[in-house]
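Peer 1: no FASTA, just this:
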Ligand code: AMP
């Protein structure tokens, strides 16, 4: 099954110049969703201690992967969503600032894999990696469902790892 057939592209939404990728058809089709989760699981080199999902569509993939691997999941939430105590980071968007928050690692060095739906500029994934390190986790891999390869140059996270993807789109 070609998963690309289950991803819609909407030109100039939510603003001019953005080619929005809608994963709703993937989620509407149990076979496509299951194959997406299997594909992402196959990119994992070593089973980590936890899966860390990025708010909000990252949760859709992260929770299913965590369940498949029979390990726990960690929420990287957007600003103001997580009750204290928590650790946060601010990062720049194309316009303005955004914030991610996380709970501190209960055991220092807990090994995690970061998961999001889409890599565009890489700003979100870079901030997520920095935040997890600040909160005491060891980031072993960073995976996305879709890499928008033309939006960014090569991205290396602050701990030297590269973001891996199941699907690459223009
Ligand atoms: P970035 O920080 O630029 O890499 O953007 C990644 C985040 O923004 C992901 O969590 C995506 O959900 C969302 N995103 C960015 N670009 C798109 C796009 N073209 N279509 C859908 N979601 C996007």
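Peer 2: Perfect, I can see it now. Bear in mind that the values here come from a model prediction, so they are computed numbers and not experimental data.

Peer 1: Flag every buried residue along the longest strand that the chain contains.
Peer 2: Scanning the chain for the longest strand, with DSSP state E as the assignment, gives strand 137-148. Across strand 137-148, burial judged by 16 or more other C-beta atoms under 10 Å covers 137, 139-148. Heads up, the C-betas are built off the backbone N, CA and C, glycines and all.

Peer 1: same question, stretch 14-25
Peer 2: 21, 23.

Peer 1: For stretch 49-68, give the mean pLDDT please.
Peer 2: Averaging pLDDT along stretch 49-68 gives 98.

Peer 1: So for it, first residue to last residue, what's the gap.
Peer 2: Across its full length, stretch 49-68 reaches 13 Å between end residues, using C-alpha to C-alpha, to the nearest Å.

Peer 1: what residues does that stretch touch?
Peer 2: Under the contact criterion C-beta atoms under 8 Å, 6 or more residues apart in numbering, stretch 49-68 has outside partners 23, 27, 33, 36-38, 40-41, 44, 69, 71-78, 81, 100, 102, 110-118, 124-125, 128, 132, 137, 145.

Peer 1: Keep only the residues you listed that also lie close to the ligand.
Peer 2: 116-118, 124-125 (C-beta under 6 Å from any ligand atom).

Peer 1: who wins for most neighbours among these?
Peer 2: residue 116 (27 neighbours; other C-beta atoms under 10 Å).

Peer 1: Surely it and residue 128 touch.
Peer 2: Yes: using C-beta atoms under 8 Å, residue 116 is in contact with residue 128, at 7.4 Å.

Peer 1: This structure: helices as residue ranges?
Peer 2: Secondary structure of the chain (DSSP state H): helices at 24-28, 30-42, 57-69, 123-134.

Peer 1: Need the winner for burial among those helices.
Peer 2: Among the helices of the chain, helix 123-134 has the highest mean neighbour count (mean count of other C-beta atoms under 10 Å), at a mean of 21.

Peer 1: Give me the helices and strands touching that helix, please.
Peer 2: On a contact count with 3 or more C-beta pairs under 8 Å, 6 or more residues apart in numbering; DSSP states H and E, helix 123-134 meets strand 50-54, strand 72-78, strand 87-92, strand 97-102, strand 110-119, strand 137-148.

Peer 1: what about that helix, distance to the chain center?
Peer 2: How far helix 123-134 lies from its chain's middle: 10 Å, per C-alpha atoms, centre = their mean, to the nearest Å.

Peer 1: Noted, bye for now.
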